[in-house]
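Colleague: After the sequence you'll find the predicted model.
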Amino acid sequence: MKMVQRLREHITAALKSAYPELPLDVDGEKPQSAYFRLELISAVYDRQREGRYMAVYKFGIRYEQGGLLDSEELADGLCEALAVQSHADPAFRVMRQAWEAGKDGSGPVFTVDYMLYLQKQEQGQGQTDAVLMGQIMEGAYVK
């Protein structure tokens, strides 16, 4: 399974378990009440020591059509829900989490950065294949 898809499912499972009453907008059909919208913000890779590579995926969980005070409380709940979900799938490590008030007519956003170490693929005679951005993004759309 592709990494971006796995992370989306990981976050979706956390949202559904912590907030089953709030729908998740996945197809652009906006509910009439408060809802979450999940978006991949960025995917980057960084070369670590000794030729190791690390991918960092930044996702935004936007809280649309809800109150600002509600979103502050949701941010605390999201931290906890993602931590619980991370114990279920230890492949992903949360690096950073942040909450930002909405602007330009959009709702507040909770961002979470996931870190994942990448395996190098060995080529013949000890040369390694470079990690390409396409391998990290896996065809995902970045907003």
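Modeller: Ah, there it is.
Colleague: From the chain's centroid, how far away is the longest helix along the chain?
Modeller: Longest helix of the chain, by residue count under DSSP state H: helix 68-88. Centroid displacement of helix 68-88 relative to its chain, using Cα atoms, centre = their mean, to the nearest Å, is 13 Å.
Colleague: Then stretch 22-35?
Modeller: That offset, for stretch 22-35, works out to 18 Å (Cα atoms, centre = their mean).
Colleague: Likewise for stretch 15-25?
Modeller: With Cα atoms, centre = their mean, you get 15 Å for stretch 15-25.
Colleague: again with stretch 25-40
Modeller: For stretch 25-40, the distance to the chain centre is 15 Å (Cα atoms, centre = their mean).
Colleague: same thing with stretch 85-98?
Modeller: Counting by Cα atoms, centre = their mean, stretch 85-98 is centred 9 Å from the centre of its parent chain.
Colleague: Could you do stretch 41-60 as well?
Modeller: For stretch 41-60, the distance to the chain centre is 13 Å (Cα atoms, centre = their mean).
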